[in-house]
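J.: Next input, structure requested:
(one chain, ligands or ions: 2)
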Amino acid sequence: MKQLSIFSFTHQSLQKYLIYNSYPKFAADQIFKWIYKDFEIDPNNWSNISKALRSHIIKSISTTLPKIKIDLLSKDGTRKFLVEFEDKNCVETVAIPGKDDRLTFCLSSQVGCCIGCTFCNTATQGLTRHLATSEIVGQFMAVTLWLQNNVDSNIRATNIVFMGQGEPLHNFESVKNATLVFLEDKGLMLSQRRVTLSTSGLVPQIEKLNEFPPVNIAISLHAAHDDIRSELMPINEVYNLKRLFQAIKTIKLKAHRSITYEYLLIKDLNDRQIDVNALVKLLDKKLSKINLIPFNEFPGSKFQCPTDERLEWFKDQLLNRGFLCTVRLSKGQDIMAACGQLKSSST
Ligand code: SAH
Ligand code: SF4
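T.: Ligands and ions are numbered 1, 2, ... in the order given. Below you'll find the predicted structure:
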């Protein structure tokens, strides 16, 4: 097994690698163009790269992508892929079509997750391991190539959300390097505003976000009372709301514009008037967007989704108080691809 993967390199680290191995630095531009602009990942076809460098890459660097083991299509057009890595561990990656040719990839950052949120299907499998940068970029590339081969040869993702399996800030360096490849002009060249990282609230890593490219940050808040948040998210026992908001204050908002707060609505638990009041008190409406997520059920889940009326009521309460508030439509529920339904299995 080759240790090094071509998908682990940022443009700059590939330049450094080439110089170190006595190859010209500009070959990094050419290699990145082949991979991230032309989606040609076979070095044998990189016609403008010297034979010596091509042989070096073939010998020393893996260009293999993770395997798409299973693909499922929802009736709303969402596709869920079971992606298998070299060691046979799997994650799920979701491709969600939207308005105006928007195509969002929901990427996983870990095999499983150790944060243990009581409403999340991923939590039930625990954490197996972090994903490497190459495996995060690899999900993007494998799903893109699958879609290009099976659906539309010109298809490209327009948005990325780190909302698949895993806590992205628990795997800070790999997620950061993958994000650089997604944003770099020489790489996939996505706009910062189209990449969103969602976190359960790992305070020390939130305080390090100034070292991270300035993408959108979404905080999984889910409750405005410590006791309810602790019931839903054990991490709140370690980093309670006060600590969380101290950390959020350190995020440089010039780059991040505003923070999105994800609020999972669960029937009779956090969908009451007192919850609206506490939420309004906790958040600064000028700097916050609220994204309401109706709870998605999965086999064995112990919570229930609120009624549509309750969801509308909760939203209106926030809108009436001047908050920017949207409801996240749950896509792909029929194939268990919606938020919190992902697990490293096929169905
Ligand atoms: N670990 C990160 C990102 C992955 S989860 C985080 O927790 O933020 C992406 C979003 O899905 C989070 O807001 C999470 O709270 C939400 N989610 C988890 N389980 C859910 C469920 N059963 N129904 C709806 N949303 C859920
Ligand atoms: Fe992990 Fe996010 Fe699921 Fe919580 S909601 S267990 S942090 S993946």
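J.: What pLDDT does the model give the residue of the chain found nearest ligand 1?
T.: Nearest to ligand 1 in the chain, going by C-beta to the nearest ligand atom, is residue 340, at a distance of 1.8 Å. All C-beta atoms are positioned from the backbone trio N, CA, C, and that covers glycine. Note on residue 340: pLDDT of 70.
J.: How about the one 3 residues further on?
T.: In this model, residue 343 is scored at 75, pLDDT.
J.: With adjacent residues omitted, what lies nearest to it?
T.: In space, residue 343 comes closest to residue 121 once its chain neighbours are excluded; the distance is 5.1 Å by C-beta to C-beta, 6 or more residues apart in numbering.
J.: I figured that neighbour hits residue 341, correct?
T.: Yes. In this structure, residue 121 is within contact of residue 341 by C-beta atoms under 8 Å, at 5.2 Å.
J.: any residues in contact with both of the two?
T.: Shared contacts of residue 121 and residue 341, defined by C-beta atoms under 8 Å, 6 or more residues apart in numbering, are found at residue 298.
J.: Could I get the contacting residues of the residue nearest to residue 343?
T.: 298, 301, 336, 340, 341, 342, 343.
J.: which bits of the protein sit near ligand 2?
T.: 113, 115, 116, 117, 120, 122, 123, 166, 167, 200 (C-beta under 6 Å from any ligand atom).
J.: tell me the contacts of the first one?
T.: Yep, that's residue 113 we're talking about. Residue 113 neighbours (C-beta under 8 Å, 6+ apart): 120, 122, 123, 125, 126, 127, 165, 166, 167, 170.
J.: count of neighbours near the third one?
T.: Residue 123 is surrounded by 20 other residues when neighbours are defined as other C-beta atoms under 10 Å.
J.: interface residues of the chain facing ligand 1?
T.: Near ligand 1, the residues belonging to the chain are 119-120, 163, 167, 198-200, 220, 262, 264, 293, 295-296, 339-340 when assessed by C-beta under 6 Å from any ligand atom.
J.: In strands only, show me those.
T.: 198, 199, 220, 262, 264, 293 (DSSP state E).
J.: how about the helices in this structure?
T.: Taking DSSP state H as the test, the helices found in the chain are 11-20, 27-32, 51-60, 133-150, 172-183, 203-206, 226-232, 235-238, 241-249, 253-256, 273-282, 308-320.
J.: possible to save those helices as a markdown table with distance to residue 330 and mean neighbour count?
T.: Shown next, in a markdown table, are the helices of the chain (distance: least, C-beta to C-beta, whole Å; neighbours: other C-beta atoms under 10 Å):
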| stretch | distance to residue 330 | mean neighbour count |
| --- | --- | --- |
| helix 11-20 | 36 | 16 |
| helix 27-32 | 36 | 20 |
| helix 51-60 | 42 | 14 |
| helix 133-150 | 20 | 22 |
| helix 172-183 | 24 | 22 |
| helix 203-206 | 26 | 18 |
| helix 226-232 | 18 | 17 |
| helix 235-238 | 23 | 17 |
| helix 241-249 | 25 | 16 |
| helix 253-256 | 26 | 13 |
| helix 273-282 | 20 | 16 |
| helix 308-320 | 11 | 15 |
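J.: which stretch in those helices has the least confidence?
T.: Averaging pLDDT over each of the helices of the chain puts helix 253-256 lowest, since it has a mean of 61.
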